[in-house]
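Trainee: Predicted model follows, preceded by the sequence.
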Amino acid sequence: MQNPQDVQLAAAALKAALPPELTENATEAVGIVLGTGLSGVAECIAGSGAKVPFAHLPNFPASGVQSHAGAFIAGRLGGRPVLAQQGRCHLYEGRTPAQVCMGVRVMRAIGIRTLVITNAAGALNPLFSSGEVMLMSDIINHTGASPLTGDNCDEWGERFPDMSRVFDGGLARCAMRAALANAIRLFEGVYIGVAGPQMETPAETRMYRQWGADAVGMSTVLEVIAARHLGMRIIGLSCLTNKNLPDCMAPAPLEEVIRMAGVAAAKLEVLLPAICAELPD
Ligand code: HPA
């Protein structure tokens, strides 16, 4: 389902609450979606005077997980205007794909064209380590849902949007340069999005790995599809919080996921400003 009226109303309310520095320069601004355990990254947004709670925006879904604060934060990062969405909602909370993608669509509606989307994910690639960051090279949508189901909103994008290059190659190179310049290890791989909320069985983990996935999580893929539909340029960054190896599966409790997200978040706090500074206009 696509919900252009809801998006328009929420975007108008957000625009009215944001400083003109952001709304007047929205096409140069970078939208950032911050996932589980990564809300702290928003604290590094310089001049983060403008904080607009989701609750102030009509029909905007509340952020579900406790570690998600649920607000838009405007400021500057790496010298660029940025608008961070701190927290998101998920399919496993019973939210619809339209609700899950509302933040991305609202950001586009106020003029933002470049999106950095982050999440916490379990590593499937045995060479990847917890507490590290993975640049997404592609996605597998295994949620069984799409934000494009139903009548197409032609103002947003095409009925059958191309997905042959989901993540922008030029922006990925900026991310790699930023990581190299700051001595941050940046893995690269495919993210598979599942509906959850149950964690994976060993058999599922083995299958996802055989499908070519390097990390698994319960968010991001629908937002990425919605953002591509809208023609946005996207960078995807996964904070690897646990390792999912089918032959030695271990539980990954939420506290541990959040703790390791914090370890990776410290790297994102360096990487995100450096990426913003590297991005072309
Ligand atoms: N599986 C699914 N989602 C996750 C995981 C995981 O192992 N870790 C963090 N989010």
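Mentor: Looks like it came in fine.
Trainee: Give me the neighbour count for C276.
Mentor: Neighbour count of C276, defined by other Cβ atoms under 10 Å: 23. C-betas here are computed from N, CA, C, even on glycine.
Trainee: That one - nearest residue in space that isn't next to it in sequence?
Mentor: G78 (3.3 Å; Cβ to Cβ, 6 or more residues apart in numbering).
Trainee: and what of A145?
Mentor: Among residues not flanking A145 along the chain, P97 sits closest, at 4.8 Å (Cβ to Cβ, 6+ apart).
Trainee: Surely the one you found touches L91?
Mentor: Yes. If you go by Cβ atoms under 8 Å, P97 and L91 touch, sitting 7.2 Å apart.
Trainee: what is in contact with these two at once?
Mentor: 145, 222 (Cβ atoms under 8 Å, 6 or more residues apart in numbering).
Trainee: Might you name the residue of the chain sitting closest to the ligand?
Mentor: As assessed by Cβ to the nearest ligand atom, the ligand sits closest to G122 within the chain, at 2.2 Å.
Trainee: Can you show me the strands along the protein?
Mentor: 30-34, 46-53, 71-77, 80-86, 114-123, 133-142, 186-194, 215-217, 233-243 (DSSP state E).
Trainee: could you redo those as CSV and give each row mean neighbour count, distance to A274 and mean pLDDT?
Mentor: CSV is the format used below for these (neighbours: other Cβ atoms under 10 Å; distance: least, Cβ to Cβ, whole Å; pLDDT from 0 to 100):
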stretch, mean neighbour count, distance to A274, mean pLDDT
strand 30-34, 26, 12, 94
strand 46-53, 15, 14, 77
strand 71-77, 22, 9, 91
strand 80-86, 25, 11, 93
strand 114-123, 27, 12, 95
strand 133-142, 20, 12, 98
strand 186-194, 22, 11, 98
strand 215-217, 26, 22, 98
strand 233-243, 25, 12, 95
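Trainee: Distance to L14 added to these, as JSON lines?
Mentor: Conversion of the strands of the chain to JSON lines gives the following (distance: least, Cβ to Cβ, whole Å):
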{"stretch": "strand 30-34", "distance to L14": "11"}
{"stretch": "strand 46-53", "distance to L14": "6"}
{"stretch": "strand 71-77", "distance to L14": "6"}
{"stretch": "strand 80-86", "distance to L14": "9"}
{"stretch": "strand 114-123", "distance to L14": "15"}
{"stretch": "strand 133-142", "distance to L14": "26"}
{"stretch": "strand 186-194", "distance to L14": "25"}
{"stretch": "strand 215-217", "distance to L14": "26"}
{"stretch": "strand 233-243", "distance to L14": "20"}
